[in-house]
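J.: I need the structure of the sequence given here:
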Amino acid sequence: VQLVESGGGLVQSGGSLRLSCAASGFTFSNYIMNWYRQPPGKEVELVAYISGSSGTSNYADSVKGRFTISRDNAKNTVYLEMNNLKPEDTAVYFCNAMNAYYSRLNFWGQGTQVTVSN
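T.: Numbering: from 1, shown residues only. Next comes the predicted model:
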């Protein structure tokens, strides 16, 4: 099982980034895909999730209207489009896969750094 994030980097406030998470080793469509983040010195927080089949999604209040989660089950990839980035979005962003039928079965990526400068 592997989750590999990419797309992080340094961006100015108001800018955009698109994170990708490529999955392998499990039946991707059976998993809810989540993006979490951990700001410096803070706890991990759920940013957004998307269901496996219907594509239902939800977001943390802090990113609603700015971030969009999507998935391509044919490519086993989940995306996080981040627009109008703010310095408080600076964090390590992690991709997580959680089995839709057995939530204890879940996998994590290694994380990708997003830094938003003033």
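
J.: the helices in the protein, which residues?
T.: Counting by DSSP state H, the chain has no helices to list.

J.: centroid residue for the protein?
T.: residue 35 (2.6 Å; C-alpha atoms, centre = their mean).

J.: that one reaches residue 97, doesn't it?
T.: No - using C-beta atoms under 8 Å, residue 35 makes no contact with residue 97, being 11.0 Å away. Bear in mind the C-beta positions are built from the backbone N, C-alpha and C, glycine included.

J.: for residue 87, give me its contacts.
T.: Contacts for residue 87 (C-beta atoms under 8 Å, 6 or more residues apart in numbering) come out as 13, 116-118.

J.: oops, could you answer that again for residue 62 instead?
T.: Taking C-beta under 8 Å, 6+ apart as the criterion, residue 62 is in contact with residue 88.

J.: so what's the closest residue to residue 68 other than its chain neighbours bridging to?
T.: Leaving aside its sequence neighbours, residue 68 sits nearest to residue 81 (C-beta to C-beta, 6 or more residues apart in numbering; 4.4 Å). Here residue 81 sits in beta bridges with residue 18, residue 68, going by DSSP bridges.
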